[in-house]
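Peer 1: Build me a model from this:
(chains A and B)
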Amino acid sequence: MQEADIQFLENSFKKYYFDHFDLIKVPERTFEREFGYQKFNSGMTRHIAIKNDKELHLLLIQNTPSDVYCSNAYYTFPNLPMNEKDWKEADLIFDIDAKDLNLSCRESHTISICNECNQVSKNLTQCTKCNSTKLEKKSLPCKNCIDGSKKEVSKLTQVLVDDLAITEDNIQVYFSGNEGFHVYVYNSQFQEIGSRERSELTDYISLRGAIPETFGMKKFKPQRESFPDFDEKGWRGRFAKQVFGSKSKRSKIITELLADGYQSFQKTLDDVSENIGVKIDPNVTMDIHRIFRLPGSINSKSGLTKIYCEDLTKFDPYTEASFLNDDPVDVLVNCPIEFKLKNKKFGPYINEKVTVPTFAAAYMICKKLGTLA
Amino acid sequence: MLELGTDELAKYPFLEGAGKFLKDKGFPLSQFGTDPDLKSVVDKAYHRLKVSTKGGIYKSEIIGGEASDSVREKEIFSFLLAIVLIKLSGMHTLIKRFALAEARRAENHLEKDLGKASDKSKIDLAIRIIYDLFNIEVIKEDEFFKISVSDYLKHSIDFHEREWKLINRHVENGKVLLTPDKTVRLIRKELGNYIISKITNAPTPPMISGLEDIVNELTSIGKELTPSYVVTTGENPPCIKHAIEILEKGENLPHSGRFMLATFLLSKGQSVQQIAPLFKNAPDYNERVTLYQLNHLAGTSGSGTQYSCPSCEKLKTQSLCFATSECDNIINPLQFGRKKK
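Peer 2: Residues are numbered from 1 along each chain as shown, chains lettered A, B, ... in the order given. All right, here's what the predicted structure looks like:
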């Protein structure tokens, strides 16, 4: 990123941090957490201990980071190197990202930026100018992407509450600041489990690795009575609803499943998993030493804020997570996709100079689709 | 601590109390080498060990639960004496086999006790043993035993059969519902480890005169059992081949895939300089970053921790596993192509 653009983003971010201290609070048990931050065009600074809101605000103002992070883990010595920190426990975290949902809208609002010649195009396999295949993909998520991600959050919440006995008041949902949501679970029985156990838990939540026997199908002499019923709890109940549809169809479908045999059932199971399994990023949940984007901080991939979703159904990130100011700025942009922020439409712009509010300019510069004029 | 009678000690002789039982009976160890009345105990101890070295489980005489006090005593003594014999032989491979076999035997008893719907005291005792030894709270509800999902995960995580995956279990309200046999199967390994630690920590007595021949025989059995491994092929496992292919095509290999590839090759003895060029085709290649990260994984920079190659299970979760029949149920890519001699 060019120096002038960095300067512009740093100034805008700094103003946000100064004006919105109310949105940026340290999490509970602050002194047991590890903090970290990144500056533009620079590496990660981590292993930082912070005592309270004031210290955090000071760090933000002094360093104007591009991104700020905080551990979901609790340590005795959060500021020491990793193997001396003395890990105690970690909140359960989940990352749901629109890019992992295989949505059909995806292609229409994804563009590629060539790493060799910076050409922006809608061709996602090869640069249209120099034919290079080293492309960086950028997406400007649409309403459908956000709705799709919200649906996954609801599915996740359902499994957490119904199967794993987590109470709703211990689940917090945040917009990630870019293309999805971050879900935190506090005070659960899972606080002290390790990475491999968390990985196993993600397989459960995503309905991954299931065997036909679990849903009543056996290799030899399968029996009708073993198939799931609608009122069963957990995945068997959800399977019944998905596969049988209605009670009247159950019997007929079981007959078909039995006739198709074991191998075919495994395929059915894979399809069901794709449809009703919760699409979470397993790498995030299984990482017990992660520093995760701090609520209230800005995501430098978009200039939007990671913000708490009070009412997920009504939540609109493009009005509720855009906090940068409205001052007009001149930018040179190549943004072939239209987007909407704070109820205003922008683009498409094809290699042109435009005057837009700071929040829209920052959005395009963060997406590497524009630069200060 | 539990107050145990000879009935329980015969079934679970590894519990605290069995050693005391021997002391209370007043036998010094040396007597086992010479006293013809105790010869049957020595034979039983040797038999118990021998069966375990062949991967079998010793069939005790108290299978039905009904047995005379003298039979029960012999059970307890033979267990304790078997440990003495292992210590005298100095063969570590025997400890593991014996402990596992004894764990399986105890597992049978625990399973029977848990399944005794009519005898609440037996069920309670089995539940108490599981709680005291492994800190797992088991609650009986109808014909099932319920344990918390987090406890289940902690204890099942090393099981590789797919039926043990949480997704293939009956989960309800934060608990996993298990049958008696699955409940005890869950703690088999820990029971084994518990017995191993008991044996390892037991003092080695001086040689008992009269038992030299048996001890020598055990030493030679132990030597035969020590395996040697050879690498039969130098070929890479399919997950690694796939990762290399992706990179060669200039496509994006996710961070987790790069981690797998780098840790795998580092473990195979390749140097950071040998590995770095593999990543040259990655869309976001940056030589400085690649070297930094490789050095970090190798433990030559940063915290000094040397990172190991992820297990097959983890790679499956990350969609990086492309197993073929040649994988032959290995649990880590590093084992690919390795055969027991």
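Peer 1: Chain B contacts on chain A?
Peer 2: When proximity is defined by C-beta under 8 Å from any C-beta of the partner chain, chain A lies next to chain B at A:81-83, A:115, A:133-136, A:163-166, A:189-190, A:192-193, A:196-197, A:199-204, A:207-211, A:213-214, A:233-235, A:282-283, A:286. C-beta coordinates here come from the backbone N, C-alpha and C atoms, glycine included.
Peer 1: dump the residue contacts of the residue of the stretch 201-341 of chain B found nearest chain A.
Peer 2: Closest residue of the stretch 201-341 of chain B to chain A, C-beta to the nearest C-beta: B:Pro283 (4.4 Å). Contacts for B:Pro283 (C-beta atoms under 8 Å, 6 or more residues apart in numbering or on different chains) come out as A:Asn115, A:Thr133, A:Lys134, A:Leu135, A:Glu136, B:Gly250, B:Glu251, B:Asn252.
Peer 1: Okay, domains of chain A per the record?
Peer 2: A:3-99+A:142-203+A:281-323, A:208-276 (automatic domain parsing).
Peer 1: is it possible to export those to TSV including mean neighbour count and mean pLDDT?
Peer 2: Below are the domains of chain A laid out as TSV (neighbours: other C-beta atoms under 10 Å in any protein chain shown; pLDDT from 0 to 100):
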stretch	mean neighbour count	mean pLDDT
domain A:3-99+A:142-203+A:281-323	18	95
domain A:208-276	15	95
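Peer 1: possible to save the ones you listed as CSV with distance to B:Glu73?
Peer 2: Formatted as CSV, the domains of chain A follow (distance: least, C-beta to C-beta, whole Å):
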stretch, distance to B:Glu73
domain A:3-99+A:142-203+A:281-323, 42
domain A:208-276, 44
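Peer 1: For B:Asp124, find the nearest of the ones you listed.
Peer 2: Closest to B:Asp124 of the domains of chain A, according to C-beta to C-beta: domain A:3-99+A:142-203+A:281-323, at 23.8 Å.
Peer 1: Please compute how far the closest one lies from its chain's middle.
Peer 2: Centroid separation for domain A:3-99+A:142-203+A:281-323 versus its chain: 10 Å, with C-alpha atoms, centre = their mean, to the nearest Å.
Peer 1: coming back round to it: of the contacts of B:Pro283, select the buried ones using a PyMOL command.
Peer 2: The PyMOL command for the buried members of the contacts of B:Pro283 (criterion: 16 or more other C-beta atoms under 10 Å in any protein chain shown) is given here:
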select buried, (chain A and resi 115+133+134+135) or (chain B and resi 252)
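Peer 1: a markdown table for the contacts of B:Pro283, including pLDDT and secondary structure?
Peer 2: Converted to a markdown table, the contacts of B:Pro283 look like this (pLDDT from 0 to 100; DSSP: H, G, I helix; E, B strand; the rest coil):
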| residue | pLDDT | secondary structure |
| --- | --- | --- |
| A:Asn115 | 83 | coil |
| A:Thr133 | 82 | coil |
| A:Lys134 | 82 | coil |
| A:Leu135 | 84 | strand |
| A:Glu136 | 85 | strand |
| B:Gly250 | 78 | coil |
| B:Glu251 | 80 | coil |
| B:Asn252 | 81 | coil |
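Peer 1: Return the member of the contacts of B:Pro283 nearest to A:Ser154.
Peer 2: Relative to A:Ser154, the closest of these is B:Asn252; by C-beta to C-beta it sits at 30.1 Å.
Peer 1: Double-check that closest one against B:Phe279; I have them as touching.
Peer 2: No: counting by C-beta atoms under 8 Å, B:Phe279 is not a contact partner of B:Asn252; they are 11.2 Å apart.
Peer 1: The lowest-mean-pLDDT helix or strand in chain B: what's the following helix or strand?
Peer 2: Lowest on mean pLDDT, DSSP states H and E among the helices and strands of chain B sits strand B:229-231, with a mean of 56. Per DSSP states H and E, the first helix or strand lying C-terminal to strand B:229-231 is helix B:238-248.
Peer 1: With only the CA atoms kept, save the helix or strand just after that next one in CSV.
Peer 2: Sequence order places helix B:255-267 as the next helix or strand after helix B:238-248, per DSSP H and E. Coordinates of each C-alpha in helix B:255-267 appear next as CSV, following Å, rounded to 0.1, in the frame of the first residue of the first chain:
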residue,chain,number,x,y,z
HIS,B,255,-2.1,-21.8,5.7
SER,B,256,-2.9,-25.2,7.3
GLY,B,257,-1.7,-27.0,4.2
ARG,B,258,1.6,-25.1,4.2
PHE,B,259,2.0,-25.9,7.9
MET,B,260,1.5,-29.6,7.2
LEU,B,261,3.9,-29.7,4.3
ALA,B,262,6.7,-27.8,6.0
THR,B,263,6.5,-29.7,9.3
PHE,B,264,6.4,-33.0,7.4
LEU,B,265,9.5,-32.2,5.4
LEU,B,266,11.3,-30.8,8.4
SER,B,267,10.6,-34.0,10.3
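Peer 1: before we move on, back to that, among the residues of chain A next to chain B, name the ones in helices.
Peer 2: Within these, residues falling in helices by DSSP state H are A:196-197, A:199-204, A:234-235, A:282-283, A:286.
Peer 1: Show me the two of the residues you listed that sit farthest apart.
Peer 2: Using C-beta to C-beta, those span at most 24.8 Å, a distance reached by A:Gly234 and A:Asn283.
Peer 1: Could you pull up the residues touching the residue in chain B that chain A sits nearest to?
Peer 2: Using C-beta to the nearest C-beta, the single residue of chain B nearest to chain A is B:Gly174, 2.9 Å away. Residues in contact with B:Gly174 (C-beta under 8 Å, 6+ apart) are A:Asp163, A:Leu164, A:Ala165, A:Ile166, A:Gln189, B:Ser148, B:Val149.
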